[in-house]
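S.K.: Sequence first, then the predicted structure:
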Amino acid sequence: MNAVHRVDVTGPAAPPRANGEVIFDAPWQQRVFGLTLALNETAAVPWKTFRTRLIARIAQDEARPYWESWAAALEDVLAASATLTATDVDSRQDRLAKRHPGHDHRH
């Protein structure tokens with residue numbers, strides 16, 4: 001059964017925007033945003049749960065860059081659901097960080 005899981009990207013957890021469009025400063029930010037939406041569509045990450053965690057992460061450190069709070073909130077939700085442990089996330093993050101820019105683009 002396919003269901004569309006709507007996400008509310010307004011209010012206290014709203015991503016930064018310019019001219020109504022979500023803005024990103026780096027490719028990883030687009031990826032973590034897309035990954036979160038994809039996980040929501042499969043119901044692996046319920047939007048309400050993620051949004052609550054994101055608001056908490058933002059409140060925890062309002063000086064932290066928005067997308068870092070977003071990534072931390074996603075990590076929290078995945079770890080809490082036992083989808084991935086924090087160690088799994090850290091390991092994968094380290095592997096990805098070591099890749100050279102453009103590694104996933106064919107030229």
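M.R.: Structure received. Numbers count the residues shown, from 1 in each chain.
S.K.: And residue 25, its phi and psi?
M.R.: phi -100, psi -10 (degrees, to the nearest 10).
S.K.: ok, how many other residues are close to it?
M.R.: 11 (other CB atoms under 10 Å). Glycine gets a C-beta too; all of them are placed from N, C-alpha and C.
S.K.: Can you pull the phi and psi angles for residue 18?
M.R.: Backbone phi and psi, for residue 18 under degrees, to the nearest 10, turn out to be phi -140, psi 130.
S.K.: tell me the mean pLDDT for whatever helix or strand residue 33 lives in?
M.R.: In this structure, residue 33 sits in helix 27-41 according to DSSP states H and E. Mean per-residue pLDDT for helix 27-41: 92.
S.K.: Buried by neighbour count: which residues of that helix qualify?
M.R.: 29, 32-33, 36, 39-40 (16 or more other CB atoms under 10 Å).
S.K.: Residues in contact with the helix or strand harbouring residue 73: which ones?
M.R.: Per DSSP H and E, residue 73 falls inside helix 66-80. For helix 66-80, the external contacting residues (CB atoms under 8 Å, 6 or more residues apart in numbering) are 15-16, 24-26, 28-29, 32-33, 35-36, 39, 45, 49-50, 53-54, 56-58, 60-61, 64, 84-86, 89.
S.K.: Toward the C-terminus, what is the element adjacent to the helix holding residue 33?
M.R.: helix 47-60.
S.K.: Buried residues in that next one, which are they?
M.R.: Buried residues in helix 47-60, counting neighbours by 16+ other CB under 10 Å, are found at 47, 50-51, 53-54, 57-58.
S.K.: Poorly predicted segments of this structure, please.
M.R.: Along the chain, segments meeting pLDDT under 70 span 1-8, 93, 96, 101-107.
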